[in-house]
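model this:
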Amino acid sequence: MKSRIQIAGTVAALATAAAVQAEVKINDSLSLDGYAIGSGLVTEGTAAKNGPEFGKNGGAYDSAYIAVNGSYKDFTSKVSLYSVNFGDNNTGDDVGILDAYVTYKTGNLSLTGGKYLGWLGYESFHSVNNAFISFSQALYASPFATGVKADYAGEGFSTGVSVRDSQVGPGGNFFEGDGEFSDDLGYEAYVMLTSIEKLTVFAGAGFEDIDGGDQALTYDVWASYALTDSFSLAAEYAYLEEVNNGSWLLQGTYKVSEPLSVSGRLTGSDGDNGSSDAIGYGIASTYALSPNFAIKGEVTKTDNNAGGNDPFTYALQGQFKF
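Model (predicted):
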């Protein structure tokens with residue numbers, strides 16, 4: 001996992017990658033959903049050890065999530081707890097509140113207040129819903145933060161606007177905003193088109209006027225198309241001002257059978273001043289042993305054009321969902 005900012009998302013997740021967790025009904029007003037995932041990695045070609053290195057970085061992809069969903073008349077709500085092990089990257093094994101919001105729906109309009117995830121990104125924040133264990137090079141800022149948003153779902157399209165305490169979390173923190181509402185607010189908006197059968201097109205942007213005179217502009221465009229009932233293609237282009245001059249993703253997924261899917265990915269990044277120029281490519285496969293448990297495997301290679309390491313990684317992940 002490359003950075004907190006980089007795992008932002010999402011409006012979409014690949015249905016062919018793995019069965020998305022389903023809600024467990026408690027009563028007519030309450031339900032639960034969640035997952036727990038654990039990973040093991042073998043990495044070659046790193047500076048620390050130019051050879052196999054098993055398990056040391058696997059915790060970067062381990063997480064557990066549980067959410068309580070509520071509904072009452074025209075209101076819905078969600079509160080979730082999330083734990084992720086980033087090893088030496090910031091959070092350790094801490095558990096924190098991820099979602100905490102209430103939504104009111106009237107007709108095609110939904111109004112939400114609280115702490116929620118931004119819209120940008122083709123890949124899901126919840127990696128159990130992605131074809132790959134690792135995230136692509138696509139770089140944008142669309143974190144969890146606190147504020148209000150409005151969504152409108154029309155015929156063949158949806159759109160929304162959001163105002164929150166930040167668009168880029170403090171210190172790059174992806175899990176919460178900066179808590180300041182008097183200035184440097186974050187703004188985000190999107191449009192998604194679904195009027196053409198089997199085609200989805202998304203365009204979104206975010207902005208924050210950060211304290212100290214800097215500005216943060218990010219945008220993300222992606223499209224997915226189901227060529228057949230079994231094979232789909234996706235493409236994405238993203239930009240984050242003064243961090244990345246452009247990044248992209250090309251991905252295809254083939255559903256071999258009901259429990260098995262295979263995906264291929266090509267992804268690249270043009271870092272600011274060439275500091276993080278890279279191209280990555282790989283294949284991944286998911287096999288659902290049951291509706292609640294799946295095994296995901298991945299082989300990826302990253303070529304860092306600006307020098308440094310060119311890691312070659314094998315990864316295996318177990319996923320329990322409910």
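
any low-confidence regions in the chain?
Within the chain, the segments meeting pLDDT under 70 span 1-22, 45-60, 85-94, 169-174, 211-215, 273-275, 306-308.

need the three-state assignment for the most centrally placed residue in it.
Averaging the C-alpha coordinates of the chain gives a centre point, and the residue nearest to it by C-alpha atoms, centre = their mean is Phe125 (2.6 Å). Secondary structure state of Phe125, per DSSP: H, G, I helix; E, B strand; the rest coil, is coil.

in three-state terms, label the closest residue to Val102 other than its chain neighbours for me.
Using C-beta to C-beta, 6 or more residues apart in numbering and skipping the chain neighbours, the partner closest in space to Val102 is Ser77 (4.6 Å). C-beta: built from backbone N, CA, C; applies to glycine. The three-state assignment at Ser77 reads strand, by three-state DSSP.

mind checking how far Ser77 is from Val68?
Using C-beta to C-beta, to the nearest Å, one obtains 8 Å as the distance from Ser77 to Val68.

the two: which has the busier surroundings?
When Ser77 and Val68 are compared on other C-beta atoms under 10 Å, the one with more neighbours turns out to be Ser77, at 19 against 16.

how close does the more buried one get to Lys149?
If you go by C-beta to C-beta, the gap between Ser77 and Lys149 works out to 14 Å.

one step back: correct me if wrong: the residue nearest to the centre of the chain contacts Trp119.
No. With contact defined as C-beta atoms under 8 Å, Phe125 does not count as touching Trp119 (11.0 Å).

what about the strands in the stretch 51-200 of the chain?
When assigned using DSSP state E, counting those that start in this stretch, the strands of the stretch 51-200 of the chain occupy the ranges 62-72, 75-85, 95-106, 109-117, 144-154, 157-164, 186-193, 199-209.

turn the ones you listed into JSON lines, including distance to Val256.
As requested, the strands of the stretch 51-200 of the chain are arranged in JSON lines below (distance: least, C-beta to C-beta, whole Å):
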{"stretch": "strand 62-72", "distance to Val256": "27"}
{"stretch": "strand 75-85", "distance to Val256": "30"}
{"stretch": "strand 95-106", "distance to Val256": "33"}
{"stretch": "strand 109-117", "distance to Val256": "31"}
{"stretch": "strand 144-154", "distance to Val256": "33"}
{"stretch": "strand 157-164", "distance to Val256": "31"}
{"stretch": "strand 186-193", "distance to Val256": "29"}
{"stretch": "strand 199-209", "distance to Val256": "23"}
